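K.L.:
What follows is a protein structure lacking sequence information:
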């Protein structure tokens, strides 16, 4: 079984508990206007021109984003970090893009990780057939689940898809008793108002105490260079970044309702 990977981040500390290795899989069904990994959207490898300055001269170098790996090849990479995962109660996180876009490869990777008794996490936008999530349940210890907006029309306007499948899958995972850490990307002009967040809070209250934690992820614009390199129109190029202080009021809103909240991943 093979899959297409666009990055492997070792010693990650924001993608689940402990020290982790995060595997980034290519392909995403959403088209979020603020996406910070635009190179991940296409499920196939893509080529860009990367500018390099050497001895005062500027050169263009072709860079291919997306490499085919087998399960065994990925496991050989992971084994280098087993000791760090074990000592820190860490593990492996599968992210993207959207990892469920490669369901067969993701499932085989999760099985291989559980064979080695590794803690597994899937970082997902939630937009996939429910049977895909059903196949992952027994091999996934933690779902890092994005919730971008509770209003379906606004969600579709900014991501290209309705949020109904996403909300259905979130409810499915919680009813199945899985550990779910909700991740809310806080995007200026999209979902950062008190009105937006109160509506999201009302939705989350309907899930009771099943959520493990809420992560508030402040928007940043550090991906601007990627948009230029890959020739993608960046509609958020003039939007400034948020910082942790911007999110304190939002954090207190959720904390006061009994949720465990963290700013950042």
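P.N.:
Looks like it arrived, so ask away. Not measured: the values here are computed from a predicted model. Numbers count the residues shown, from 1 in each chain.
K.L.:
going forward, measure contacts and count neighbours with C-alpha atoms only.
P.N.:
OK.
K.L.:
What about residue 39, how many residues nearby?
P.N.:
By other CA atoms under 10 Å, the residues close to residue 39 number 26.
K.L.:
any idea how far residue 25 is from it?
P.N.:
According to CA to CA, to the nearest Å, residue 39 stands 11 Å off from residue 25.
K.L.:
Could you do residue 246 as well?
P.N.:
Using CA to CA, we find residue 246 at a distance of 31 Å from residue 25.
K.L.:
Grab the nearest non-local neighbour of residue 64.
P.N.:
With CA to CA, 6 or more residues apart in numbering as the criterion, residue 64 has its nearest non-adjacent residue at 4.4 Å, and that residue is residue 47.
K.L.:
In the protein, which strand is the longest?
P.N.:
Longest strand in the chain by number of residues, with DSSP state E as the criterion: strand 2-12.
K.L.:
contact partners of that one?
P.N.:
When contacts are defined by CA atoms under 8 Å, 6 or more residues apart in numbering, strand 2-12 is touched by residues 19-26, 40, 43-45, 65-71, 81, 102, 105.
K.L.:
ok, residue 246 and residue 25, which is more surrounded?
P.N.:
residue 25 (28 against 13).
K.L.:
which residues sit in contact with the more buried one?
P.N.:
3-7, 40, 94-99, 102.
K.L.:
Can you give me the neighbour number for the closest residue to residue 130 other than its chain neighbours?
P.N.:
Leaving aside its chain neighbours, residue 130 sits nearest to residue 169 (6.3 Å; criterion: CA to CA, 6+ apart). Counted with other CA under 10 Å, the neighbours of residue 169 add up to 22.
K.L.:
element containing the nearest residue in space to residue 180 that is not next to it in sequence?
P.N.:
Computed as CA to CA, 6+ apart, the closest residue to residue 180 that is not its neighbour in sequence is residue 143, at 4.8 Å. Element membership for residue 143, per DSSP states H and E: strand 142-146.
K.L.:
Packing partners of that strand?
P.N.:
The helices and strands touching strand 142-146, judged by 3 or more CA pairs under 8 Å, 6 or more residues apart in numbering; DSSP states H and E, are strand 119-124, strand 180-186.
K.L.:
now the helix or strand that comes right after the last one against strand 180-186, angle please.
P.N.:
Stepping forward along the backbone from strand 180-186, the first helix or strand reached (DSSP H and E) is helix 194-205. When axes from the mean of the first three to the mean of the last three CA atoms, to 10 degrees is applied, the directions of helix 194-205 and strand 180-186 differ by 170 degrees.
K.L.:
Who are the packing partners of the lowest-mean-pLDDT helix or strand in the chain?
P.N.:
The least trusted helix or strand in the chain, going by mean pLDDT, DSSP states H and E, turns out to be strand 46-54, with a mean of 75. Here strand 46-54 touches strand 57-65, helix 224-229, going by 3+ CA pairs under 8 Å, 6+ apart.
K.L.:
do that again at 6 Å, thanks
P.N.:
With contacts taken as 3 or more CA pairs under 6 Å, 6 or more residues apart in numbering; DSSP states H and E, strand 46-54 sits against strand 57-65.
K.L.:
Quick check on residue 34: phi, psi?
P.N.:
phi -100, psi 10 (degrees, to the nearest 10).
K.L.:
Show the contacting residues for residue 65.
P.N.:
By CA atoms under 6 Å, 6 or more residues apart in numbering, the contact list for residue 65 reads 6, 45-46.
K.L.:
Can you get me a residue count around residue 264?
P.N.:
Counted with other CA under 10 Å, residue 264 comes out at 16.
K.L.:
Quick check: bridge partners of the closest residue to it other than its chain neighbours?
P.N.:
Nearest residue to residue 264 in three dimensions, chain neighbours excluded: residue 217, at 4.8 Å (CA to CA, 6+ apart). Under DSSP bridges, the beta-bridge partners of residue 217 are residue 185.
K.L.:
list the contacts for residue 217?
P.N.:
184-186, 264.
K.L.:
Next: residue 163.
P.N.:
Counted by CA under 6 Å, 6+ apart, residue 163 has contacts residue 152.
K.L.:
Identify the residues contacting stretch 173-192?
P.N.:
Here stretch 173-192 has contacts from 142-148, 211-219, using CA under 6 Å, 6+ apart.
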